[in-house]
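S.K.: Make a model of this:
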Amino acid sequence: ESSGTQHEVLVLGNPENATVEMTIIADVDGQQNESGLLSATTGTIPEWPAPDLTPTTSNADLGGYFLVVYQDDLCWMAILNSDGRAVWATQATTDNGRVAIEAHPSQNGGWLFNRFSEDHAIDEGEIIRVLPTGEIAEEIRTVGAHHSFRELEDGTLAYLAVDIREDSEWGSVVGDRLI
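M.R.: Here you go, the predicted model:
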């Protein structure tokens with residue numbers, strides 16, 4: 001994420017509570033610019049009920065990272081390395097009556113995840129944008145939301161909402177509508 005001469009980048013793969021040094025090289029208008037030696041201290045992954053993951057050989061060979069939402073008593077959003085170890089995690093829900101089931105990188109920096117009540121009679125859907133620091137940058141109310149959502153190229157959000165209708169033959173019928 002960039003604004004003027006200020007830039008933000010997520011660097012993964014370093015151990016917790018470690019001082020790391022790096023040099024950043026940027027290509028600006030075809031010219032390479034190099035920073036001096038930068039130093040940063042990495043954070044700590046919060047205590048969380050890490051899933052028991054056993055990556056297959058093919059997954060481990062891929063390298064890279066996976067953005068996941070994981071549900072135990074509470075829901076967590078995490079970035080896992082190819083060994084299945086969390087390198088970043090944040091709590092997505094505060095009580096076990098709410099779930100978070102999907103996450104995506106956000107065009108505005110950080111990641112988006114959805115959360116809603118498991119009881120669809122309770123309308124508490126929202127899409128949250130969280131920064132790499134774990135700070136919530138934005139909470140967007142999503143009326144009737146559940147399950148899937150997408151951020152479109154122009155930054156707007158599309159999501160599925162519960163659609164309850166009365167049918168003369170079947171009575172109350174539950175479907176989805178795209179908002």
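S.K.: State the distance from residue 20 to residue 43.
M.R.: Taking C-beta to C-beta, to the nearest Å as the measure, residue 20 falls 11 Å from residue 43. For every residue, glycine as well, the C-beta is placed using N, CA and C.
S.K.: ah, wrong one, I meant residue 87
M.R.: 10 Å.
S.K.: Comparing these two, which residue is more hemmed in?
M.R.: Comparing residue 87 with residue 43 by other C-beta atoms under 10 Å, the one with more neighbours is residue 87, at 18 against 14.
S.K.: give me every residue that touches that one.
M.R.: Residue 87 is in contact with 12, 13, 45, 65, 79, 80, 81, counting by C-beta atoms under 8 Å, 6 or more residues apart in numbering.
S.K.: One more: residue 126?
M.R.: Neighbours of residue 126 in contact, by C-beta under 8 Å, 6+ apart: 114, 115, 116, 139, 140, 141, 142, 145.
S.K.: Who is it paired with across the strands?
M.R.: The residues listed as beta-bridge partners of residue 126 by DSSP bridges are residue 115, residue 141.
S.K.: per-residue pLDDT, it?
M.R.: What the model reports for residue 126 is a pLDDT of 92.
S.K.: Parallel or antiparallel, which strands does the host helix or strand of residue 159 pair with?
M.R.: Per DSSP states H and E, residue 159 falls inside strand 157-167. Taking DSSP bridges as the criterion, strand 157-167 forms sheet pairs with strand 145-151 (antiparallel), strand 171-178 (antiparallel).
S.K.: Please identify the deepest-packed of the ones you listed.
M.R.: The highest mean neighbour count among the strands paired with strand 157-167, using mean count of other C-beta atoms under 10 Å, belongs to strand 145-151: a mean of 18.
S.K.: nearest residue to residue 38 other than its sequence neighbours?
M.R.: The spatially closest residue to residue 38, leaving aside those adjacent along the chain, is residue 22, at 5.3 Å (C-beta to C-beta, 6 or more residues apart in numbering).
S.K.: Spit out the contact partners of the one you found.
M.R.: Residue 22 touches 11, 37, 38, 40, counting by C-beta under 8 Å, 6+ apart.
S.K.: So which one of those residues is the model least confident about?
M.R.: For these, the least confident entry is residue 11, with 77.
S.K.: Roughly how far does that one sit from residue 79?
M.R.: In terms of C-beta to C-beta, residue 11 sits 12 Å off from residue 79.
S.K.: And residue 143, by the same measure?
M.R.: From residue 143 to residue 79 the distance is 30 Å (C-beta to C-beta).
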